[in-house]
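Quick one, what's the 3D model for this:
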Amino acid sequence: MSRFFATGSDSESEESSSADEITPKAAGTTLRQQALLLSDDEEDTKRVVRSAKDKRFEELTNLIKTIRNAIKIRGISKCLEEFEQLCRAFVKSKTIVDKEGVPKFYIRLLADLEDYLNQLWEDKEGKKKMNKNNAKALSTLRQKIRKYNRDFETEIASYKENPEQSADEEEEKDDIGSGSSESDDDDDDDITAKSFMKKKPQEEEKKAPEASKFLKGAADEESESDDDEDSEDWASDSVGSDSESEDNDGTAASLAVVFLKKDVGEKASDRKKDDRRRRHKKKERIEEEAEEEGEAEEGGWEKVKGGVPLVKEKPKMFAKGTEINTGVVVKKLSEILQARGKKGTDRAAQIELLHALAGIAAENNLGEGILVKIKFNIIASLYDYNPNLAAFMKADMWKKCLDCIDELLDILFNNNNIFIGENIAEDSENLAISDQPFRVRGCILTLVERMDEEFTKIMQNTDPHSQEYVDNLKDEGRVCGIIDRLLQYLETKGSTEEVCRVYLRRIMHTYYKFDYKAHRRSLGLQGETKSEQDQEESEGDDSAIIMDRLCKFIYAKDRTDRIRTCAILCHIYHHALHSRWYQARDLMLMSHLQDNIQHADPPVQILYNRTMVQLGICAFRQGMIKDAHNALLDIQSSGRAKELLGQGLLMRNMQERNAEQEKIEKRRQVPFHMHINLELLECVYLVSAMLLEIPYMAAHEFDARRRMISKQFHHQLRVGERQPLLGPPESMREHVVAASKAMKMGDWRTCHSFIINEKMNSKVWDLFPEAKCVREMLVRKIQEESLRTYLFTYSSVYDSISMETLSEMFELELPTVHSIISKMIINEELMASLDQPTQTVVMHRTEPTSLQNMALQLAEKLGGLVENNERVFDLKQGVYGGYFNRDQKGGYQQKQGYQRGDQKGGYQQKQNYQRGGYRNQNQSSY
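Predicted structure coming up:
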């Protein structure tokens with residue numbers, strides 16, 4: 001007999017037995033009892049009296065249910081909405097919470113939700129797969145829950161210490177309390193912080209215990225013991241219903257028995273304890289299975305799971321018995337490439353398929369043409385693995401890419417009968433083996449350029465202070481090797497434009513590197529001995545010869561301005577780096593790049609800024625202080641040298657630069673190993689400004705119209721003067737400021753000790769290739785400029801001074817002192833004459849004293865004040881004349897000639913109070 005008929009017969013027999021048990025009663029009693037029953041039922045359905053605690057807690061539990069359901073389906077945005085509602089509901093129930101305490105189920109949810117969000121946050125791969133709304137909601141909700149949980153730290157800590165005990169306490173409270181919210185709370189609290197698993201729907205069992213006989217089991221079908229316990233529960237419910245039916249046949253006094261369930265609550269609590277015990281056993285069983293699996297992996301055994309085995313087979317490329325030829329392989333290749341770029345395409349699987357296809361083509365000896373075409377597509381697929389432009393290639397993909405390009409170049413070098421090019425149409429390709437040479441559509445230069453860009457991206461996105469950066473930088477040798485091989489190939493088979501492009505790539509990997517081999521060779525020619533290892537390393541061309549050959553080819557053959565501009569800038573940079581100042585300066589002046597560089601694209605402008613900075617540092621090393629200052633002035637005066645050199649971004653408002661622009665600018669950054677030391681750059685600029693500014697300030701101390709050579713240097717001086725406490729200098733800037741103050745007093749030894757010491761050597765001067773020569777040059781420049789400053793400052797004190805005395809004071813040779821003083825007299829900076837027989841400098845006393853200088857300044861200011869007063873007075877008096885004579889040219893003011901411009905230089909020049917005029921008058925009289 002079928003199961004359906006069996007269940008039907010059982011129900012019929014039960015109905016018949018229950019019908020037999022009913023005994024006839026008096027009509028009046030039954031009607032009265034039915035009336036009482038009906039009235040009670042109506043009252044129950046119409047009005048249910050619940051306490052405020054039950055209402056608030058039921059609202060909280062319903063919201064908690066919704067949050068847990070959202071967690072199951074990973075709906076973080078829904079979770080955020082419900083959490084905000086839950087917080088508002090908890091605030092409403094604050095009065096009850098203050099009396100009763102924070103409910104355990106609420107604490108459990110907060111702890112579980114925080115753990116769940118932390119797991120999601122740590123899962124980097126899962127975060128990438130999230131949509132925008134969920135990702136944004138995740139960060140927002142994580143911040144909110146962390147902030148919110150600070151108020152419940154002690155409760156959450158106690159819950160996390162013993163989650164089982166807290167669950168028992170909560171269930172005992174629920175058993176004592178009302179039965180309406182009992183099932184909901186327990187169902188919600190079964191979810192632990194580690195796993196949010198589906199729960200058994202127990203509400204249906206409690207609402208309809210009799211109907212559950214005809215439904216198929218419970219949600220858990222894990223073991224027979226669970227089914228037996230569930231059947232026992234159903235039996236107890238049916239007994240309860242039978243007892244109620246018997247009580248209904250009794251008198252009206254026993255009606256309370258129908259509505260009260262005394263035994264059911266006790267049985268429900270026992271059942272919950274059994275459930276907890278069962279869950280604990282299940283957890284232990286899972287842990288044992290996990291341990292067994294670990295042992296099996298160590299011992300070589302594998303546990304077989306039930307069900308149909310899932311055998312992962314590789315997709316078959318061709319059907320069995322298919323004749324594999326060039327046409328079939330090309331058709332299969334086009335099928336694979338059709339899925340490229342489509343949504344849902346597994347890029348890794350596509351790369352594997354292409355590798356498998358290349359292996360099949362090699363096995364069947366289909367020729368090198370089809371193999372080259374497949375290799376082109378493999379490299380393109382590796383580049384497409386990251387669809388985002390800002391993302392960089394992973395290490396394994398990068399190694400595969402380099403290997404594939406090497407293999408492709410091997411094939412091209414070994415087979416001279418392969419012609420590749422972008423101008424070859426797909427219809428005119430010749431991939432099959434024949435007498436004709438192979439013709440393949442593709443451009444190897446484009447692939448190598450993209451590889452070079454990917455290398456730059458990898459270096460940009462790696463922490464420069466980690467070992468990983470050093471490991472990645474080792475790949476540059478391999479990248480340069482590939483570019484050199486491509487350069488050899490294109491020199492024989494490439495066009496002029498392609499050769500220029502690959503030459504520029506080679507130049508970009510050479511221009512910023514200091515050639516230590518050439519440097520050692522130059523030192524060896526000066527008489528230093530070299531070891532055998534040095535001699536081996538010195539073999540080969542200097543980088544200067546390579547750069548000269550590559551750049552001159554581009555100058556002659558290139559037709560695009562951009563490649564030629566980049567080559568010129570790199571050539572200048574390389575000359576400046578190796579202290580070839582005159583070649584670098586002449587090339588910069590002849591190119592006239594400074595006239596139209598503002599029209600170039602940002603990467604070229606960054607390269608121009610780097611070249612100018614390197615040119616300035618080269619001039620400083622050669623002792624050309626003024627040229628160094630002029631070259632560095634534009635970069636340093638802007639205050640954003642870091643950004644102009646492409647070495648980092650400055651913090652700005654979102655109005656000045658949005659997120660998209662910030663991403664673009666990050667892609668333009670120069671890798672860390674190509675950076676120019678910004679502290680060295682600033683020190684060179686400030687020292688150059690000091691050597692120029694301090695003598696100028698001493699010469700024009702009382703000149704009101706004195707111009708500023710370097711604003712940044714004056715700013716550092718003002719910062720130093722504002723300091724309330726002057727201690728020993730610590731930073732590089734403080735050292736320069738202290739040296740400037742010493743030079744202003746003519747004390748060159750103190751100035752020298754502040755500029756050249758152990759701290760400054762380690763920070764700045766030792767970074768130069770020829771540090772000893774730079775330090776010697778600095779000492780000489782400090783001595784010369786200190787001498788000039790001394791003469792400017794104290795010339796009014798002396799009638800005459802011996803040059804031998806000056807030579808001893810500043811430790812300079814006598815011809816050098818003679819040369820400096822002669823230049824100052826010729827340039828009319830010093831009013832003096834040289835007495836050759838006595839080797840003295842005779843002062844002419846033409847310089848005004850400090851009192852005279854102050855009187856001259858006062859006269860100039862009074863003259864300006866008088867002139868302004870006259871102008872204001874004339875404007876007031878000339879209103880009528882201007883009104884009546886407005887048709888005439890210029891009105892009253894121009895007619896009368898009261899403007900300052902008509903007075904040929906104004907009051908000051910008429911009176912000839914200028915300092916230069918005063919000097920010239922006296923000089924002529926002298």
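
how does the chain divide up, domain by domain?
55-161, 326-494, 677-843 (the TED database).

helices or strands next to the helix or strand encompassing Ile378 in the packing?
If you go by DSSP states H and E, Ile378 is part of helix 368-384. Helix 368-384 makes packing contacts with helix 326-338, helix 347-363, helix 395-414, strand 418-421, strand 438-441, helix 444-460 when contacts are defined by 3 or more CB pairs under 8 Å, 6 or more residues apart in numbering; DSSP states H and E. C-beta coordinates here come from the backbone N, C-alpha and C atoms, glycine included.

what angle do it and helix 444-460 make?
Counting by axes from the mean of the first three to the mean of the last three CA atoms, to 10 degrees, helix 368-384 lies at 30 degrees to helix 444-460.

Mind listing what's buried along helix 368-384?
368-382 (16 or more other CB atoms under 10 Å).

again, but for stretch 787-806
Buried positions in stretch 787-806, judged by neighbour count with 16+ other CB under 10 Å: Leu787, Arg788, Thr789, Tyr790, Leu791, Phe792, Thr793, Ser795, Ile801, Met803, Leu806.

With stretch 351-371 instead?
Result for stretch 351-371 [16+ other CB under 10 Å]: buried residues 351, 353-358, 360-361, 366-371.

same deal with stretch 553-567?
Ile554, Asp558, Ile563, Arg564, Thr565, Cys566, Ala567.

Find the residue ranges of the stretch 801-926 of the chain scoring beneath the pLDDT cut-off.
Within the stretch 801-926 of the chain, the stretches with pLDDT under 70 are 846-847, 878-926.

before we move on, the earlier item: looking at the buried residues of helix 368-384, which is nearest Val328?
Among these, Ile370 lies closest to Val328 (CB to CB), at 10.5 Å.

Contact partners for that closest one?
Thr326, Val329, Val330, Ala361, Leu431, Ala432 (CB atoms under 8 Å, 6 or more residues apart in numbering).

do that again at 10 Å, thanks
325-327, 329-330, 333, 357-358, 361-362, 364, 429, 431-433, 438, 440 (CB atoms under 10 Å, 6 or more residues apart in numbering).

Counting neighbours, which of those residues end up buried?
Buried residues within those, counting neighbours by 16+ other CB under 10 Å: Thr326, Val329, Val330, Leu333, Leu357, Ala358, Ala361, Glu429, Leu431, Phe438, Val440.

Can you lay out those as a markdown table showing distance to Asp471?
What follows is those, written out as a markdown table (distance: CB to CB, whole Å):
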| residue | distance to Asp471 |
| --- | --- |
| Thr326 | 41 |
| Val329 | 38 |
| Val330 | 40 |
| Leu333 | 35 |
| Leu357 | 32 |
| Ala358 | 29 |
| Ala361 | 34 |
| Glu429 | 40 |
| Leu431 | 39 |
| Phe438 | 38 |
| Val440 | 35 |
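
how close does Val479 sit to Cys570?
Between Val479 and Cys570 the computed distance is 17 Å (CB to CB, to the nearest Å).

So for those two, which sits in the more crowded spot?
Shown here are Val479 and Cys570; by other CB atoms under 10 Å, Cys570 has more neighbours (23 against 19).
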